[in-house]
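Peer 1: after the sequence you'll find the predicted model.
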Amino acid sequence: MKHLILSAAALAMTAGMALAQDTVRLGTEGAYPPYNFLNDAGEVDGFERAVGDELCKRAELTCEWVTNEWDSIIPNLVSGNYDAIIAGMSITDERREAIDFTQNYTQPDPSAYLATSADVDLEGGVIAAQTNTIQAGFINEMSMTLVEFATPEETVAAVKNGEADAVLADKAFLAPIANDDPDLVLLEKEELIGEGIGLGLRKSDTELKEKLNAAITSMKEDGSLNALITKWLPEGETF
């Protein structure tokens, strides 16, 4: 699902281990449904809330949820503001330069284009994407014209107000928007980017990585992870 291009300052690593603390803090964006969002009570909800809570239970960890804007989500992990990222973050080689990842808890999710017309010219048009995402990187590599926005909601608004011809984002995020808005259409063309979504960790937190990997494996083996994918990401590929 998401993505990130980092500043050099984010490469500094903190020395402390997450499991040396009483509570493991899970950092998420809280603004990317159905992966993560804030419900009416202001609490983190969605697919990743369900996955994260179950992982903590199986790993016998006491966890709390922290929200952070997407653009600084990796630097704030590295600086110690929380201990793991669970925010629809796709595993990429570029991110591995700054942080470590657990194994994936989703398969690669197709990225889709949302536009106001099915015959939009993608190659000659302006394509919106959230800043520091794998979609933004893909658009740059394909030599399309990219316009970036801080939040996913702003990318959709850019299409509706004419600032962009289409937005490229995770299909699971865009499909419900297209279904609810008669002025928007999900294009048939899709892109497969990244290696699936994993939890991002500081490279020093090897013990936490081992515990979370074991919990993810357990959820894959007993089918509980597939059940959550089917519930929250009905078009997503199961394991």
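Peer 2: Okay, I see it.

Peer 1: in stretch 228-239, what's buried?
Peer 2: For stretch 228-239, a neighbour-count test (16 or more other Cβ atoms under 10 Å) marks 228-229, 232-233, 236 as buried. From N, CA and C alone the C-beta is placed, and that goes for glycine too.

Peer 1: distance to residue 185, pLDDT and secondary structure for those residues - can I get that in JSON lines?
Peer 2: As requested, the buried residues of stretch 228-239 are exported to JSON lines (distance: Cβ to Cβ, whole Å; pLDDT from 0 to 100; DSSP: H, G, I helix; E, B strand; the rest coil):
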{"residue": "228", "distance to residue 185": "29", "pLDDT": "98", "secondary structure": "helix"}
{"residue": "229", "distance to residue 185": "26", "pLDDT": "97", "secondary structure": "helix"}
{"residue": "232", "distance to residue 185": "23", "pLDDT": "97", "secondary structure": "helix"}
{"residue": "233", "distance to residue 185": "21", "pLDDT": "94", "secondary structure": "coil"}
{"residue": "236", "distance to residue 185": "21", "pLDDT": "87", "secondary structure": "coil"}
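
Peer 1: which among the residues you listed gets closest to residue 47?
Peer 2: residue 232 (3.5 Å; Cβ to Cβ).

Peer 1: hang on, the closest one packs against residue 46?
Peer 2: Yes: Residue 232 is within contact range of residue 46, at 6.6 Å (criterion: Cβ atoms under 8 Å).

Peer 1: residue 67 and residue 44: what is the separation?
Peer 2: Distance of residue 67 to residue 44, given as Cβ to Cβ, to the nearest Å: 7 Å.

Peer 1: which residues does the nearest residue to residue 200 once chain neighbours are set aside contact?
Peer 2: Counting by Cβ to Cβ, 6 or more residues apart in numbering, residue 85 is the residue found nearest to residue 200 once chain neighbours are left out, at 3.5 Å. Residue 85 makes contacts with 26-28, 73-74, 77, 99, 199-201, as judged by Cβ atoms under 8 Å, 6 or more residues apart in numbering.

Peer 1: try 7 Å
Peer 2: Listed by Cβ atoms under 7 Å, 6 or more residues apart in numbering, the contact partners of residue 85 are 27, 73, 77, 199-200.

Peer 1: can you tell me which of those residues is closest to residue 150?
Peer 2: residue 73 (11.9 Å).

Peer 1: which stretch of helix or strand covers that closest one?
Peer 2: Using DSSP states H and E, residue 73 falls within helix 73-78.

Peer 1: what is that helix packed up against?
Peer 2: Secondary-structure packing of helix 73-78 (3 or more Cβ pairs under 7 Å, 6 or more residues apart in numbering; DSSP states H and E): strand 24-28.

Peer 1: pull up the pairing partners for the strand it packs on, direction included.
Peer 2: Take DSSP bridges as the rule and strand 24-28 pairs in its sheet with strand 63-67 (parallel), strand 84-85 (parallel).

Peer 1: make a markdown table out of those and add distance to residue 37 and mean pLDDT.
Peer 2: Listed next are the strands paired with strand 24-28 as a markdown table, based on distance: least, Cβ to Cβ, whole Å; pLDDT from 0 to 100:
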| stretch | distance to residue 37 | mean pLDDT |
| --- | --- | --- |
| strand 63-67 | 10 | 98 |
| strand 84-85 | 16 | 98 |
